[in-house]
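Undergrad: coordinates only, sequence not included:
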């Protein structure tokens, strides 16, 4: 099973728009990463985003390339400072490839916790628009299978 963790693309500042939607640069970043994922044959059965506009917009762009059924789910517990343990428990029970679209530091802590067992291992550089793919091994552990930044 695979889990894809996607950081939203570049967003407008709070001064430009208090809701902080994606900037034009952010839309291009995410579209580029979506194209790369599509070229590799990446596919997910489920996509969950934080509910913030920039995460929803990122999920919508990614879904066009990696989902057959583009129904997206919002989760209220994926904000930047939310604890990762509830997601560690949920992900251990999943049986379908899933993408989570969210924010830092939440995503970086989740990767660290799943792969290294601690939240502060700093295993991945999560530039805006980056997608990290984790694969679950037979023993239930997780390992980094791929990192797809928009700079590729």
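TA: Great, that's in hand. Note that this is a predicted model, so its numbers are computed, not measured. Numbers count the residues shown, from 1 in each chain.

Undergrad: Output the contacting helices and strands for the longest helix along the chain.
TA: As assigned by DSSP state H, the longest helix anywhere in the chain is helix 24-40. Secondary-structure packing of helix 24-40 (3 or more CB pairs under 8 Å, 6 or more residues apart in numbering; DSSP states H and E): helix 53-66, strand 142-148. Yep, even glycine has a C-beta here, placed from its N, CA and C like the rest.

Undergrad: which of the residues in the longest one are buried?
TA: What it means is helix 53-66. Across helix 53-66, burial judged by 16 or more other CB atoms under 10 Å covers 53-63, 65-66.

Undergrad: Report the next helix or strand after that helix in sequence order.
TA: Helices and strands here follow DSSP states H and E; after helix 53-66, the next one along the chain is strand 72-74.

Undergrad: Can you give me the buried ones in the longest helix of the chain?
TA: Buried, per 16+ other CB under 10 Å, within helix 24-40: 26, 27, 28, 29, 30, 31, 32, 33, 34, 36, 37.

Undergrad: Please convert those to a markdown table, extending it with distance to residue 46.
TA: Converted to a markdown table, these look like this (distance: CB to CB, whole Å):
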| residue | distance to residue 46 |
| --- | --- |
| 26 | 23 |
| 27 | 23 |
| 28 | 26 |
| 29 | 23 |
| 30 | 18 |
| 31 | 21 |
| 32 | 23 |
| 33 | 18 |
| 34 | 17 |
| 36 | 20 |
| 37 | 15 |
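
Undergrad: how about the helices and strands packed on helix 24-40, which one is nearest residue 1?
TA: When those are compared by CB to CB, strand 142-148 sits nearest residue 1, at 9.6 Å.

Undergrad: What is the helix or strand of the chain with the lowest mean pLDDT packed up against?
TA: Least confident element among the helices and strands of the chain, by mean pLDDT, DSSP states H and E: helix 85-93 (a mean of 94). Here helix 85-93 touches helix 106-116, going by 3+ CB pairs under 8 Å, 6+ apart.
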